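In: Quick one, fold the following:
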Amino acid sequence: MSTGETFGRTIQLFLVDGKPTGLRKATIHGWTGVVLVSSQSTFASLTSRDEVDRTGVYVLTGPDPDKQGMTRVYIGSANSVRERIKQSAEKREFWETAIAVTTSDDDLSKGHAEYLEARLIELTAQAGRVTLDNGTQPDTSRRRLPEADVANMEQFLANLRIILPDTYGTRGFLENAPDWLAGWTGIRIDSGDPAAGAETAINWWKSRGEDPRDKLVIFSDGLDVEKIEELHRQFAGRVRVSFGWGTLLTNDFRGLVEDDALAPFSLVCKAIAADGRPTVKLSDKPEKAMGPADEIARYKRVFGVGEQEKLEVIV
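Out: All right, here's what the predicted structure looks like:
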């Protein structure tokens, strides 16, 4: 749905081999970009995919062997990401995760990819959070593109920079987030009271010297028509408002049959253990937290989640 600057997005994360630690594919409905993420063990699956044999950019990341506790990153671009990422991976031993960014319709040119590469290197260097393995830092001003193409590539980058903070608890995450993160495109409010989450984001942006009116807030948890209209009235003009309207768009049969038997039910697939240790998912909606109760409580203390209001879980 769209009203002025309001627009909805569906962010889809696909587990290619059915495992959360396996090859993952991320897309946004209406955006031609495709993001694929692999580990070393699934790298062959990554490079065998047709999407990777297209023009795009890629990232190799892993522990920095020279600086304990730091991350090292290499960023590249190519007419065929498949061949170049293989070459780059063979030359580097530090990497554990490979990320390829291409398009579904192969509409990136070499110039587009080189511009994106230069901008990603520039943004990474500005953040100062990792060690860049790139020997040079290309100047984006030398990556000459028509003005319209530059705007398109900046929008392409913007779609890669949406914050999803509620895995750690939105308030605690933002209070401890580095200042450079406030420069990202926006935030997705996926759990908890959506209005309270948006107010938290607005206050955080203001405290970091950012204008919330330039930022995107994506509401995406259990929305129906009434809630969408309510949130639009409350936040339109204060932020750029967007809605990920899913379950209650296609499956809103609440109250139509006896015992509400057609109401949507909550079903998610999450990893429950890694290397023999239990995993934990936190959420701004406490009923959506997953894992052993004592571990959930411990991680809430670690991330300073604090008291949480209980809210109905729709999906």
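
In: give the contact list for the closest residue to A158 other than its chain neighbours.
Out: Leaving aside its sequence neighbours, A158 sits nearest to T185 (CB to CB, 6 or more residues apart in numbering; 4.2 Å). To be clear about C-beta, it is placed using only N, CA and C from the backbone, and glycine gets the same treatment. Going by CB atoms under 8 Å, 6 or more residues apart in numbering, T185 touches A158, N159, R161, I162, K215, L216.

In: Test my guess that the fourth one contacts L216.
Out: Yes - look at I162 against L216 with CB atoms under 8 Å: they come within range, at 7.3 Å.

In: which residues do the two both contact?
Out: Residues touching both I162 and L216 (CB under 8 Å, 6+ apart): T185, G186, I187.

In: and the residues you listed, which of them are in strands?
Out: The subset of these located in strands under the criterion DSSP state E comprises G186, I187.

In: Lowest-confidence one in the shared contacts of I162 and L216?
Out: Within these, the minimum per-residue pLDDT falls on T185 (87).

In: sorry, back to before: specify which residue of I162 and L216 has the higher count of neighbours.
Out: Higher neighbour count among I162 and L216: L216, with 22 against 17, using other CB atoms under 10 Å.

In: before we move on, back to that, gap between the residue nearest to A158 and V217?
Out: Separation of T185 from V217 (CB to CB, to the nearest Å) stands at 10 Å.

In: And the furthest pair within the contacts of T185?
Out: N159 and K215 (14.2 Å; CB to CB).

In: all helices of the stretch 51-200 of the chain, in order?
Out: Applying DSSP state H, counting those that start in this stretch to the stretch 51-200 of the chain gives helices spanning 81-91, 110-127, 147-158, 170-175, 194-207.

In: of all the ones you listed, which lies closest to D66?
Out: For the helices of the stretch 51-200 of the chain, proximity to D66 was assessed by CB to CB; helix 81-91 is nearest, at 16.3 Å.

In: buried set for the closest one?
Out: Within helix 81-91, the residues that count as buried by 16 or more other CB atoms under 10 Å are V81, R82, R84, I85, K86, S88, A89.

In: in this structure, what residue sits furthest out from the centroid?
Out: Largest separation from the mean C-alpha position in the chain: E258, at 39.5 Å (CA atoms, centre = their mean).

In: Can you check which of the helices of the stretch 51-200 of the chain gets nearest to D133?
Out: helix 81-91 (9.1 Å).
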